[in-house]
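1. fold the following and give me the result.
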Amino acid sequence: MSPFFVMSLLFGVIFGQTASLCAPSEYTIHVEKRECAYCLAINTTICAGFCMTRDSNGKKLLLKSALSQNVCTYKEMLYRTVLIPGCPLHTIPYYSYPVAVSCKCGKCNTDYSDCVRERVRTNYCTKPQKLCNL
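-> Numbers count the residues shown, from 1 in each chain. You can find the predicted model right below:
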């Protein structure tokens, strides 16, 4: 093996995690309830980005827990609650959503993250829109 290859390999192993680009990113979510008159556009932050990961060639020899891929996920988050305008009295007009404070590369926790990417995702309003900047 050439010295350049060995140095590149060592650099990748030692500094692989620092090359990850996982950070809070601005994102707009659209929230509406069937009973309410308006759709609410909420500006928040989510965790997004690239995480270094390694895929093993010996998948059949390893336990399933060893095959988990790292994803960009929440390190710290908080929840905010907003009032959806135009809701009738019998409807609960509140919506709570997560705000990413800091992010990390790690295993996806299904308790608070959607770990599966959907093929079709709709993020738009079908009713008149109100903007919420918190």
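2. where in the chain is pLDDT low?
-> 1-20, 54-68, 112-122, 131-134 (pLDDT under 70).
3. which residue ranges form the strands in it?
-> Remark: strands of the chain, listed N- to C-terminal, are 21-32, 39-50, 71-83, 94-106, 129-133; assignment by DSSP state E.
4. can you pull the buried residues of the fourth one?
-> Translated: strand 94-106. For strand 94-106, a neighbour-count test (16 or more other C-beta atoms under 10 Å) marks 95, 98-100, 103-105 as buried. Bear in mind the C-beta positions are built from the backbone N, C-alpha and C, glycine included.
5. and what of the first one?
-> Along strand 21-32, these residues count as buried under the neighbour rule (16+ other C-beta under 10 Å): 22, 24, 31-32.
6. any chance of these in a markdown table, plus distance to Ala41?
-> Written out in a markdown table, the entries for the buried residues of strand 21-32 read as follows (distance: C-beta to C-beta, whole Å):
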| residue | distance to Ala41 |
| --- | --- |
| Cys22 | 25 |
| Pro24 | 19 |
| Val31 | 8 |
| Glu32 | 10 |
